[in-house]
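Undergrad: Sequence unavailable; structure follows:
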């Protein structure tokens, strides 16, 4: 994987680049739609291509538990299994062990837990996290980290940083061993910086990981409940410490205006459940006028709001979901009233139409961001 | 609506024709995918076009209860609401009142019942069934009938025939009144023949409805639990009594081999929940070899089986769902293992992929049937 920066903004720390993977070149900055269990909610891989998705994120934890990484490996890897020929990033599974699994026990060499599906006792170690991701055959692999909650005490954050560095070292070691299949030959490994909102711990975590020399650096442990300003404060002092020639990934962020601001701070990569999860729950991203009191500015002079499509007011609102939108749902002319009806009637078509719309909003935002940077508007 | 028969088979009562509606010409014999609440399960109207669907069936009962026929009318009718510009047939709502609603009370002038959604007390009369379908603006409208269960006593079947004729007359009268909107100007009205498995009652019902002069004739009250042979026995003596120049519709049927046999008996129109409901529940139609013990012959020398995709044997079956299938799911190369995984993980994408496959099987069957008739193979 090579990462080439083609332009640095004069107005901010934003930058344009190209990240080359075994499955194609990705223009940065970019957003990764989440294909949790190897599928985007209600959308096929061909539809994701049409929406302009450059790379998808899949969850190691979910695929490990079901159908099992060996099934995916036998299928020829995750790309072949889900029929997506573009790049894929897999997380380490750690986040889900902490957020979904039952009865976790954190040990020096890994975490013991019970599957949220059937209660099976499992153990995730740094080496295991790498092995699973090698079996999946993703293009970008994440180290196992400990994501401390917010708020957390300084000793807790300190322990998480130490553990994260140790585990990152073990992941790196595991990754340097001979690969079990050729699919994982060109996988690139990213480190994850922890340290909560403690500046010295964040800088220590970054320093330790940079010494280990990863292919890219993720900022983890943000967007876990802290005020947004705390998050930007961390990025302010942390991003300048990261190698300029490596991609920078802000995990789990976020709202459009947060992505824009983080790009201005020098972040290249994003993932978030917001567009897909919000879609399922009836919250749709709509471009709006400055005058709208509810509108949030995300790009200069561009505003959006999130509407709750199940609201009574949309029952007989026959206007197109968003007349300024170029997504397949809006281009087909589906009305707010129809989408509300589909959601209310629990029609599966709702999820496909709503997910396509929200993901298009995010993917379009990223291409707009890239255009703004290239035109020095940003 | 005009109905032109272009060819009659020399080998059976099968016929080829063209049914002209306000929203296009339909080649007969045809199958109507079911868009219960104004949507096919997981598939957009454009996808139904691509699959080769000529006409969709929507349920009056469901749309009446939610979002309400007036919402659909305000949207400009059901075609506009669901963005399907091809023909639509709506049922009368009667079947769902008998199968879904709570605390039904059958009265001479209609049926009193409680909504299965919120328990609201409602009354469906013949005139109301027509009014709702006029508001929906479908191309083919069905009369309100009483579909007797199987088995039913002769007096019960007799009463159902009498009520069905009376209601059919009232529907016809209502349909001749000035229309509430221009969308319903060219709607065509079909009668529904009842009489259970009693030959004289079936013939009486047909005679009474033919006297009322409908645009087409449906055979109702079959595929309600009787042995398949009983159904074909009824068609044997009933179909020859129906006007040759009007389309004939066998409601709610059925398995591929049943459709083929009914076409040979002179039926032109079909609808059934099997392909869509089976898809959701993991039962997929697969073309198979004669040698396969499980295969059912449906066309000369052509066999199929229904596989349960959640079965353990498909966990690591990486072959394409059906390598002989031209549906988008199989053409994209999705494996049985992936589809099993999506179903197990309750991924919404499963419904779209499975529904497209099963509907394609049925729509392809119908085009094969038309080809067989035109080539005198049938």
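TA: That came through, no problem. Everything numeric here is computed off the predicted structure, so don't read it as measured data. Numbers count the residues shown, from 1 in each chain, chains lettered A, B, ... in the order given.

Undergrad: Is residue A:342 within a helix or a strand, and which one?
TA: Residue A:342 is located in helix A:336-344, with elements delineated by DSSP states H and E.

Undergrad: Just name whatever secondary elements that helix is in contact with.
TA: The contact analysis (3 or more Cβ pairs under 8 Å, 6 or more residues apart in numbering or on different chains; DSSP states H and E) places helix A:336-344 against helix A:348-374, helix B:78-82. To be clear about C-beta, it is placed using only N, CA and C from the backbone, and glycine gets the same treatment.

Undergrad: ranking those helices by burial, who's on top?
TA: Ranked by average neighbour count under the criterion mean count of other Cβ atoms under 10 Å in any protein chain shown, these are headed by helix B:78-82 at a mean of 24.

Undergrad: ok, is the next helix-or-strand element following that one in contact with chain A or not?
TA: From helix B:78-82 onward toward the C-terminus, using DSSP H and E, the following helix or strand is strand B:88-90. No: using Cβ under 8 Å from any Cβ of the partner chain, no contact is recorded between strand B:88-90 and chain A, whose separation bottoms out at 14.7 Å.

Undergrad: Just give me the neighbour total for residue A:217.
TA: As a burial measure, residue A:217 scores 25 neighbours (other Cβ atoms under 10 Å in any protein chain shown).

Undergrad: per-residue pLDDT, residue A:99?
TA: The score at residue A:99 is 86. That number is its pLDDT.

Undergrad: how near is it to residue A:220?
TA: For residue A:99, the distance to residue A:220 under the criterion Cβ to Cβ, to the nearest Å works out to 13 Å.

Undergrad: Of these two, which one has the most company?
TA: For the pair residue A:99 and residue A:220, the greater number of neighbours falls to residue A:220 (29 against 13), based on other Cβ under 10 Å.

Undergrad: Now do the contacts for that one.
TA: By Cβ atoms under 8 Å, 6 or more residues apart in numbering or on different chains, the residues touching residue A:220 are A:145, A:147, A:192-194, A:251.

Undergrad: Can you name the residues bridging to the residue nearest to it when sequence neighbours are not counted?
TA: Spatially, and ignoring its direct neighbours in sequence, residue A:220 is nearest to residue A:192 (4.1 Å; Cβ to Cβ, 6 or more residues apart in numbering or on different chains). Taking DSSP bridges, one obtains residue A:218 as the residues bridged to residue A:192.

Undergrad: Please work out which residue of the stretch 251-378 of chain A is closest to chain B.
TA: With Cβ to the nearest Cβ as the measure, residue A:348 is the residue of the stretch 251-378 of chain A nearest to chain B, at 4.0 Å.

Undergrad: In contact with that residue, which residues?
TA: For residue A:348, the contacting residues are A:42, B:41-42, B:348, B:351-352, by Cβ under 8 Å, 6+ apart.

Undergrad: For residue B:69, see how far away the most far-flung residue of chain A relative to its centre is.
TA: Here chain A reaches farthest from its C-alpha mean at residue A:316, the gap being 35.7 Å by Cα atoms, centre = their mean. Going from residue A:316 to residue B:69 by Cβ to Cβ gives 13 Å.

Undergrad: where does the stretch 201-350 of chain A dip in pLDDT?
TA: Within the stretch 201-350 of chain A, the set of residues satisfying pLDDT under 70 comprises A:291-292.

Undergrad: Show me which residues of it sit near chain B.
TA: Where proximity means Cβ under 8 Å from any Cβ, the interface of the stretch 201-350 of chain A facing chain B comprises A:315-316, A:318, A:332-335, A:337-338, A:340-342, A:344-345, A:347-349.

Undergrad: Just the buried ones from the residues you listed?
TA: Neighbour counting with 16 or more other Cβ atoms under 10 Å in any protein chain shown marks A:315-316, A:334-335, A:337-338, A:340-342, A:344-345, A:347-349 as buried within those.

Undergrad: which pair in the residues you listed spans the largest distance?
TA: A:316 and A:348 (23.7 Å; Cβ to Cβ).

Undergrad: ok, for the residue of the stretch 251-378 of chain A closest to chain B, nearest residue in space, not its chain neighbours?
TA: Among residues not flanking residue A:348 along the chain, residue B:42 sits closest, at 4.0 Å (Cβ to Cβ, 6+ apart).

Undergrad: got a list of what that neighbour touches?
TA: Contacts of residue B:42 were listed using Cβ under 8 Å, 6+ apart, and they are A:42, A:348-349, A:352, B:348, B:351-352, B:355-356.

Undergrad: Can you pull the phi/psi pair for residue A:255?
TA: The phi and psi values for residue A:255, taken as degrees, to the nearest 10, are phi -70, psi 150.

Undergrad: doesn't residue A:273 make contact with it?
TA: No: with contact defined as Cβ atoms under 8 Å, residue A:255 does not count as touching residue A:273 (12.0 Å).

Undergrad: Between these two, which contacts overlap?
TA: Shared between the contact lists of residue A:255 and residue A:273 (criterion: Cβ under 8 Å, 6+ apart) there are no residues.

Undergrad: Mind telling me which residue of the stretch 101-250 of chain A is nearest chain B?
TA: Closest point on the stretch 101-250 of chain A to chain B, by Cβ to the nearest Cβ, is residue A:117, at 9.5 Å.

Undergrad: measure that residue to residue A:74 for me?
TA: Remark: distance between residue A:117 and residue A:74 (Cβ to Cβ) = 21 Å.

Undergrad: Give me the more crowded residue out of those two.
TA: Here residue A:117 and residue A:74 are set side by side on neighbour count (other Cβ under 10 Å), and the busier one is residue A:74, at 17 against 13.

Undergrad: pretty sure the more buried one is touching residue B:335, no?
TA: No: proximity of residue A:74 to residue B:335 does not meet the contact threshold set by Cβ under 8 Å, at 10.3 Å.

Undergrad: so what sits against both of these two?
TA: Both residue A:74 and residue B:335 are in contact with residue B:318, where contact means Cβ under 8 Å, 6+ apart.

Undergrad: buried ones in stretch A:41-50?
TA: Going by 16+ other Cβ under 10 Å, stretch A:41-50 has these buried residues: A:41-45, A:47-48.

Undergrad: Now, these that are in helices?
TA: Within the buried residues of stretch A:41-50, membership in helices is found for A:45, A:47-48, as judged by DSSP state H.

Undergrad: Specify which member of those is nearest to chain B.
TA: When these are compared for distance to chain B, the smallest value, 7.6 Å, is given by residue A:45; criterion: Cβ to the nearest Cβ.
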